[in-house]
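K.L.:
Here is my input; please provide its structure:
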Amino acid sequence: MSSSSLAETKQGQPDQYNGWLYKWTNYIKGYQKRWFVLQNGYLSYYRNQAEMSNACRGTINLANAFIHTQDSCSFVVSNSGTMTFHLKAQSEVERQRWVTALELAKSKAVTLIESDDDEDLIQPDKNELQNTLKTLSSKLDDLKTCNDLIVKHGAALQKSLIEVEIVENSTECVTKIKSVNERATVFRITTNAMLSACHEFLTLANAQGTRWQKLLQNEHEQRMYLEDMVEQLGKQHSNLEKQIRKQLNPAINNGTGQPLEGPGGDEDDDDDFYDAVEADDFKMNVMPSDGNGMQLCGAHLQENNYDSSDTDYEKPSKDAVPSQKKKKGKAHAAPNVSSSGAVPIEDTAALVPLSSGAGLRRRQAIPERPNYSINLWSFMKNCIGKELSKIPMPVNFSEPLSFLQRLTEDFEYSDCLDNAASHDDDAFLQMAYVAAFTVSSYANTTLRTGKPFNPLLGETYECDRRDDLGWRSFAEQVSHHPPMVAMYTEGNKNWRSWQEFTMSSKFRGKYLQIIPLGIAHLLFPKSGNHYTWRKVATTVHNIIVGRLWVDNHGDMDIINHNTNDRCHLKYMAYSYFSREAPHKVIGVITDSNGVAQYELSGTWDDKIFGAKILACEEQTKGKPEYKTDVPILLWQRRMRPPDLEKCYNFTRLAVQLNEMEEKVAPTDSRHRPDQRLMEEGKWDDANIVKVQLEEKQRASRKVRESLMEAAAERGEEYHGYEPKWFRQEQDPQTGNVIHAFTNEYWTCKEKQDWDRCPDIYL
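P.N.:
Just a heads-up that it's a prediction; the model follows:
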């Protein structure tokens, strides 16, 4: 197999590279020759050079990409699983040139993004503006002085020329000519000084003018955002006042005394509202988002018993139990008896005891969340439109858990996986329990609106609960650009799970949306059933004013790669005008031929039922109607203990995740100082330490970038940061490059060998 050599183009763009590479297409055609272009931080490819003027076949943004070397000639460029290029060069030298160019382009792209964010949103201080104005004024005075000198010496030169014209003898003429030359020299010097001063003034004015233009444009865009939000805030303020009046005076609400429905309250855009308060005077007391109280100091609005629809979230929904009207002759039996012999979840719903045979006792609570106020407008002004991971978020908006720990909470309902492992002989029922497990990971998001701490590069977290919960897990922050977590979990009941979690997130002022991009895997070694799925989107509403509420919505496809069975779950988005129950989830399990086998229904914050499909009938609108067996309860939520209401709405498991344990790695999230200070209620100290940790992480990244540039200058390959407990390899199921657990962590823990751990904390 041959390939053209790499061509380097330098047409005012030293970062542009292009050349022929072989790209993997499919198993039939294999590797095909394609023309690749690396320019401005993007890697694109075409069938040939002539096609460049029409349309490219694919593009990857290197700022969010992973570059992985497979062998002497092959390498992979992947963009968080959404697009992957499997490439092959003609020789190892050519492959190294490409990898080096890609790494440099990625580094510059990341630096450019961060510098753009910093330059666009950093406002100049008063002293800087005064110094700039003084410099410009000084340059302008120099121009005026040069102008006066030019006028003066120009007049003297003109006078000397006139005297030369009227001279009568040769001796006097020589003297006059000498005087003209001297005055001409002085005039030339003055003119050159004028030109130099003009150039300096123009250079300074252009530089500052471009920057001020960016600042002015950014200020204009932010004010447009703020104007729109002030209008929305005013309307919400009016609506909140109306709702409180109805709470305090039941007769106003048609004599019923019931609060308005819907998690976000009633929003009538046509209602009148009063002028909003001044931004400098508006402060918000950040209270626990428990639905039992909200206080707005600046707006003089205080509510003590506003529960809107919180009671609907805590109580089982009356629509959660599947209707039997489609069963056609089936009895309305209670859903706690399974025709397949499955054990109902009600019998094992309580958490297992937290003390092991060795007498281990875990904590049952953490310090209550303090009530700290924050100037909301000053923070919001610099956050609108930015990527969430680039916002210097104060701990006031967080909860004292790392994202590694928050991800570990997905296994709170691992009993679903234990039940699934016990049904290896029934692939469809096993998939039903797997689907219920994927839904259970969202159960605690109804009231958990705090943002977890962004992990530092190299940060790890272990959770060994084999003695009481029957599983242990390990997670590591394996990448910073883009942010990515790799996680591995294994259960006592013969199941293993691993995943890479990365996401796209945006703060839009009124809401925050998180779109997961990674793929989760689940393997049952006994049967060989291997499941994969992607998580659905999560949206946090009423970020600025109002009761925070969370909605999970979108489609999820769970695939059994062993049998090619599939489960399609649909998370219904909340709507004020929908008749569906809030948080509803529906799904169908189909076999490899597309025939429906199980029907799933319920809500992601309460319970999920599954029913075996006996027959399928097509309806007039094209939607199938299923005749099912008696439904069985696959999963049911365990409600949060009342005593933890003021502890960030944590569950008992969440309370124990950050409990200090002996012999864990020095990079473990339990050792993170800012997170520990926040848990102890020392929020001011936590904010200071958080900034110091972030500055230390930036300094480490700059060191790696300088080493990369030095290696590129020497023509050497630089591998950059490599995870300590995971390694990159190709996933045989999806074809993507993933981070696989090396299983070395637990061995190193036994030996207490932490030499490979980086120094990431203070």
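K.L.:
For the residue with the largest distance to the centre of the chain, give me its contacts.
P.N.:
Going by Cα atoms, centre = their mean, the residue of the chain most distant from its centre is Asn169, 90.8 Å out. Applying Cβ atoms under 8 Å, 6 or more residues apart in numbering to Asn169 gives no contacts. No exception for glycine: its C-beta is placed from N, CA and C like everyone else's.
K.L.:
ok, and the closest non-adjacent residue to Gln752?
P.N.:
Lys663 (6.4 Å; Cβ to Cβ, 6 or more residues apart in numbering).
K.L.:
For the one you found, grab phi and psi.
P.N.:
Here is the backbone geometry of Lys663 (degrees, to the nearest 10): phi 70, psi 10.
K.L.:
before we move on, what about Glu399?
P.N.:
According to degrees, to the nearest 10, Glu399 has phi -120, psi 150.
K.L.:
what number of residues lie near it?
P.N.:
Neighbour count of Glu399, defined by other Cβ atoms under 10 Å: 25.
K.L.:
now swap in Lys612 and tell me
P.N.:
Quick note: Lys612 (other Cβ under 10 Å) scores 21 neighbours.
K.L.:
looking at this, it is in a strand?
P.N.:
Yes. Applying DSSP: H, G, I helix; E, B strand; the rest coil, one finds Lys612 inside a strand.
K.L.:
Quick check: pLDDT value at it.
P.N.:
pLDDT for Lys612: 93.
K.L.:
Same check on Lys327?
P.N.:
pLDDT, read off for Lys327, is 40.
K.L.:
now swap in the one 10 residues further on and tell me
P.N.:
What the model reports for Val337 is a pLDDT of 37.
K.L.:
ditto for Gln675
P.N.:
On the pLDDT scale, Gln675 gets 94.
K.L.:
Just confirm it is within a strand.
P.N.:
No. The assignment for Gln675, made by three-state DSSP, is helix rather than a strand.
K.L.:
where's it relative to Asp685, distance?
P.N.:
Distance of Gln675 to Asp685, given as Cβ to Cβ, to the nearest Å: 12 Å.
K.L.:
which one of the two has more residues nearby?
P.N.:
Taking other Cβ under 10 Å, Gln675 and Asp685 do not tie; Gln675 has more neighbours (25 against 15).
K.L.:
now the more buried one: how far from Glu412?
P.N.:
Gln675 sits 20 Å away from Glu412, going by Cβ to Cβ.
K.L.:
which parts of the helix or strand harbouring Ile589 are buried?
P.N.:
Using DSSP states H and E, the element containing Ile589 is strand 584-590. Using 16 or more other Cβ atoms under 10 Å as the test for burial, strand 584-590 gives Lys584, Val585, Gly587, Val588, Ile589, Thr590.
K.L.:
who does the helix or strand following that strand touch, helix- and strand-wise?
P.N.:
Where DSSP H and E defines the elements, the next helix or strand beyond strand 584-590 is strand 596-603. With contacts taken as 3 or more Cβ pairs under 8 Å, 6 or more residues apart in numbering; DSSP states H and E, strand 596-603 sits against helix 427-440, strand 566-571, strand 584-590, strand 607-618, strand 624-628.
K.L.:
which helices and strands does the third one pack with?
P.N.:
Looking back up the chat, that one is strand 584-590. On a contact count with 3+ Cβ pairs under 8 Å, 6+ apart, strand 584-590 meets helix 427-440, strand 566-571, strand 596-603.
K.L.:
neighbouring strands for the helix or strand just after the longest one, and are they parallel or not?
P.N.:
Okay, so that is helix 427-440. Next in sequence after helix 427-440, counting helices and strands by DSSP H and E, comes strand 451-453. Strands that pair with strand 451-453, judged by DSSP bridges, come out as strand 398-402 (parallel).
K.L.:
pLDDT on the strand it pairs with, on average?
P.N.:
For strand 398-402, mean pLDDT rounds to 92.
K.L.:
Touching it from outside, list them.
P.N.:
Residues outside strand 398-402 that contact it (Cβ under 8 Å, 6+ apart): 366, 448, 450-453, 455, 459, 461, 648, 650, 654, 657-658, 669, 672, 675-676, 678-679.
K.L.:
hmm, back to that, can you give the distance of the strand holding Ile589 from its chain's centre?
P.N.:
Strand 584-590 has its C-alpha centroid displaced from the chain centroid by 27 Å (Cα atoms, centre = their mean, to the nearest Å).
K.L.:
I'd like the average pLDDT over that strand.
P.N.:
Strand 584-590 comes out at a mean pLDDT of 94.
K.L.:
Measure how that strand sits relative to strand 624-628, angle-wise.
P.N.:
Using axes from the mean of the first three to the mean of the last three Cα atoms, to 10 degrees, the inter-axis angle of strand 584-590 relative to strand 624-628 is 80 degrees.
K.L.:
What strands line up against strand 584-590, and which way round?
P.N.:
Checking strand 584-590 against DSSP bridges gives partners strand 566-571 (antiparallel), strand 596-603 (antiparallel).
K.L.:
What lies in contact with the shortest one?
P.N.:
Counting by Cβ under 8 Å, 6+ apart, strand 566-571 makes contact with 431-432, 434-435, 438-439, 536, 552-560, 584-590, 598, 600, 604, all of which sit outside it.
K.L.:
Let's see that with 7 Å instead.
P.N.:
Applying Cβ atoms under 7 Å, 6 or more residues apart in numbering, the contact partners of strand 566-571 are 431, 435, 536, 552-559, 585-590, 600, 604.
K.L.:
Quick check, pLDDT for Gly735.
P.N.:
The score at Gly735 is 81. That number is its pLDDT.
K.L.:
Please apply the same query to Lys315.
P.N.:
38.
K.L.:
Could you list every helix and strand in contact with the lengthiest helix in the chain?
P.N.:
Ranked by number of residues, the top helix in the chain under DSSP state H is helix 170-248. If contacts are counted by 3 or more Cβ pairs under 7 Å, 6 or more residues apart in numbering; DSSP states H and E, helix 170-248 sits against helix 92-121, helix 126-165.
K.L.:
6 Å instead, please
P.N.:
Packing contacts for helix 170-248, counted by 3 or more Cβ pairs under 6 Å, 6 or more residues apart in numbering; DSSP states H and E, involve helix 126-165.
K.L.:
Check which helices and strands the helix it packs on sits against.
P.N.:
helix 170-248.
K.L.:
ok, the nearest residue to Glu744 once chain neighbours are set aside - contacts?
P.N.:
Using Cβ to Cβ, 6+ apart and skipping residues adjacent in sequence, the residue nearest Glu744 is Trp725, 6.4 Å away. Contact partners of Trp725, counting by Cβ atoms under 6 Å, 6 or more residues apart in numbering, are Glu476, Thr742, Tyr745.
K.L.:
for Trp725, phi and psi?
P.N.:
Note on Trp725: its backbone torsions stand at phi -120, psi 0 [degrees, to the nearest 10].
K.L.:
Okay, it and Met678: tell me how far apart.
P.N.:
26 Å.
K.L.:
and what of Pro452?
P.N.:
Distance from Pro452 to Met678, counting by Cβ to Cβ: 11 Å.
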